[in-house]
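*Asks:* Everything below, folded, please.
(chains A and B)
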Amino acid sequence: MPQLTLVQAINSALDQEMARDPRVVCLGEDVGLNGGVFRVTEGLQKKYGADRVIDTPLSESGIMGSSIGLAMGGMRPIPEIQFEGFMGPAYDQLVNHAARFRNRTRGSMTVPLTVRVPWGGGIHAPEFHSDSPEAIYIHNPGLKVLCPSTPSDAKGLLLAAIRDPDPVIFFEPKRVYRSFREEVSDEDYTIPIGKAKLVSEGADITVITWGAMVFQCLEALDKHVPEDASVELIDLRTLHPMDTDAFIESVNKTGRAVVVQEAPKTCGLASEITTIIQEHCFLNLKAPVQRVCGFDVVMPYAKLELDYLPDAKRIAEAIMQTLAY
Amino acid sequence: MMSTTPAPINPSSSAPAGEGLYAITSSRVHMPGQNGNGTAKREAGKPRPSDALPNATLIKWLRDMILIREFENRCAQAYQQAKIGGFCHLYIGQEALAVGTINSLNHDDPIVTAYRDHGHALARGMSARACMAEMFGKSAGCAKGKGGSMHMFDKPNWNFGGHGIVGAQTPLGAGLAFAAKYELEVMKRSVDGGPAKKKVALAYLGDGALNQGALHEAMNLAGLWGLPVIFVVENNRYSMGTAIERGTTMAHDLKQKAVAYGMEGVHIDGMDIRNIYDEFKPLVDRCRENSRPAFVDLLTYRYQGHSMSDPQKYRAKDEVEMFKSRDSIALLEQHLLTERKCVTEADVDKIVAECKAIAADSADFAESAPIPAAEELFSDVYAEIVPNLSPAATYVHGEKNPLL
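*Replies:* Next up, the predicted model:
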């Protein structure tokens, strides 16, 4: 099996699906000739032609709206929005159209599109190039929201997303794009949407996270948490519909939980997870659930970025405090 | 200081007198035929394409327009009786536009429109019953009573919806045209396996949508990619209560907006359905044949308010009367009675009576149709019920949460 980065794994999934399904169309700003702002679509235009890997103008509302029209017309469009912060102009189309047409048409019209969006901080870019707006989209019924953290998960989840009958937002953690390689199967495989991954098994505390924060949590366990603490780490992978069973069962077992997210603390997905835990695990809890999050500030530029993002030390502190409660 | 020269407030000072279908002077409007400035610059005696159509076709148009008017009259009544919730935007006055443009298409040419959508739905073949039941919020409606007045979708009739966000439907129209072009040029077959066809999509919009960004993005993409989509401006001169020249640049000559996007732009008098067909059908044929977009300023007028609760302070009664004097139904009726001599007054009365009966039946049907079951709350949000959609669905552990 080849060793691939996250970027290469996503490229490989797109390549395989374009070869398999002629309805698949990639479109976005510079996705063709230039291979995308992060080179995720590198080589695809050369292979599949400018009719299927389409360079668009800077026009997010038009990209999203015409992708929805393409999907309603029977295609499987994969629009790329260059950075998560550029989703603003496309928000109306995504939320008022893509998310709701199934409901509004009694299921007779659906919007099977997959929006690929480079997501999150850690690359020293300023605001709206480093935000994590997943909660905004999770809050809107009708959208599925994914955020894989590893190359092999990314490939399997992207293939599942493209084949899914509903609109999917596929957030790609930029910080992980080229941070490591792992073996990714050449085969055509999917990972079911809505299933979390148990990264490490443990008995004393459950840590729940997604995206690039998985690796901050692993670093915390590796460097800052004593070995005798038995930590269960869950990578959600799908943020909506969320695998609540996975963490409810885990927290009912461990009695302790820490939730880690990049986004600002208030009204983030961590808040929702915390609430679900208290609804379902209340009598088994040994300590209050802690959230380790970004702060309620605008995502800062380069030199302050690491002061904003949760890091291994902050995560470890929360774990130790929760264990000692 | 602005470096550019602002467009003149009074377009008549920049436009040569008589240019454009409406020569606007302050807030007054002169109709073609009154001042001899119509768009249908036809050579005297030259046959009109619609003249070649059989009588039955024009009688069908008349019937379709009368049905829309009678249906809308019944809607108004139902709204006043509080049978219809929320908002209701009537199409009365604009009937020729939907009927004329839709009858210039093939049945499988996709359309999208905005929230004033009952006329398009009926003209495209939706049953009056499904349309009315939708407005009543009943499960027999075209969207199970979950969409309401602004959301008339009808897949078998290639109607991709009424849409409530002003202008946001226009990129969908571009996308539908894109899908058709993709079938033809890339897949070389339709998605369901049949032969690909040359299609044209219509994206209707009101004049209020002219100033929404989504339209300009859609027009740019359509021009850039050669998408066979026609942006049809249903120019009834008001975006709610704001007259077009108060909110839109170049209101006296909207077709200029097409120039910047590299597409053909035309003005058409939308009160005369024969004129719509004569001008619009050849345009549809050109767009279909050449895979090109176009932009049409179709001039029309709504007799009722923007919605059912509109004091209409923004226009004078005599303006409304002036348009009513060129009512599209009366115009066609007159043509059929006196020029084609293919119907009698009694025939027309019979059509009106039949349409009134269909409208009345649709309201009776809607009234007696069942309300959606409470479980419908959870249907059609996703392809499958997701665990956290319904509180009931999350109790997978068999423990009832005492707080809920």
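*Asks:* What about residue A:3, how many residues nearby?
*Replies:* Residue A:3 has 11 neighbours, counted by other C-beta atoms under 10 Å in any protein chain shown. (Each C-beta comes from the backbone N, C-alpha and C, glycine too.)
*Asks:* give the contact list for it.
*Replies:* Contacts here follow C-beta atoms under 8 Å, 6 or more residues apart in numbering or on different chains; on that basis residue A:3 touches A:181, A:182, A:183, A:184.
*Asks:* mind checking how far it is from residue A:255?
*Replies:* Using C-beta to C-beta, to the nearest Å, residue A:3 is found at 39 Å from residue A:255.
*Asks:* again with residue A:145
*Replies:* For residue A:145, the distance to residue A:255 - C-beta to C-beta - is 29 Å.
*Asks:* who's more crowded, those two?
*Replies:* residue A:145 (26 against 17).
*Asks:* I figured that one hits residue A:236, correct?
*Replies:* No. Judged on C-beta atoms under 8 Å, residue A:145 makes no contact with residue A:236 at a distance of 10.0 Å.
*Asks:* Name every strand pairing with the longest strand anywhere in chain A and say which way it goes.
*Replies:* Identified as the longest strand of chain A according to DSSP state E is strand A:257-264. The strands beside strand A:257-264 in its sheet (DSSP bridges) come out as strand A:205-209 (parallel), strand A:290-294 (parallel).
*Asks:* Export those to JSON lines and append columns for mean neighbour count.
*Replies:* Formatted as JSON lines, these follow (neighbours: other C-beta atoms under 10 Å in any protein chain shown):
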{"stretch": "strand A:205-209", "mean neighbour count": "29"}
{"stretch": "strand A:290-294", "mean neighbour count": "22"}
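*Asks:* Switch those strands over to a markdown table; also include mean pLDDT.
*Replies:* Compiled in a markdown table, the strands paired with strand A:257-264 are given as follows (pLDDT from 0 to 100):
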| stretch | mean pLDDT |
| --- | --- |
| strand A:205-209 | 98 |
| strand A:290-294 | 98 |
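*Asks:* Next, format those as TSV and append distance to residue A:198.
*Replies:* Listed next are the strands paired with strand A:257-264 as TSV, based on distance: least, C-beta to C-beta, whole Å:
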stretch	distance to residue A:198
strand A:205-209	10
strand A:290-294	20
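*Asks:* Which among those is found nearest to residue B:278?
*Replies:* In terms of C-beta to C-beta, the element of the strands paired with strand A:257-264 nearest to residue B:278 is strand A:290-294, at 62.1 Å.
*Asks:* hey, C-alpha coordinates of the closest one in PDB?
*Replies:* Extracted in PDB, the C-alpha atoms of strand A:290-294 (Å, rounded to 0.1, in the frame of the first residue of the first chain):
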ATOM      1  CA  GLN A 290     -14.300  20.000  30.700                       C
ATOM      2  CA  ARG A 291     -14.000  21.800  27.400                       C
ATOM      3  CA  VAL A 292     -10.600  22.700  26.000                       C
ATOM      4  CA  CYS A 293     -11.300  25.200  23.200                       C
ATOM      5  CA  GLY A 294     -10.200  28.200  21.300                       C
END
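*Asks:* hey, where'd the helices end up in the stretch 51-200 of chain A?
*Replies:* Using DSSP state H, counting those that start in this stretch, the helices of the stretch 51-200 of chain A run over A:60-72, A:88-91, A:101-104, A:134-138, A:151-163.
*Asks:* Go through the contacts of residue A:3 and give me the one with the most neighbours.
*Replies:* Neighbour max across the contacts of residue A:3 (other C-beta under 10 Å) = residue A:184, 24 neighbours.
*Asks:* who touches that residue in this structure?
*Replies:* A:1, A:2, A:3, A:4, A:8, A:9, A:12, A:151, A:152, A:155.
*Asks:* Which ones among those residues map onto helices?
*Replies:* Taking DSSP state H, the ones among these that sit in helices are A:8, A:9, A:12, A:151, A:152, A:155.
*Asks:* ok and the residue in the stretch 1-150 of chain B nearest chain A?
*Replies:* residue B:144 (4.2 Å; C-beta to the nearest C-beta).
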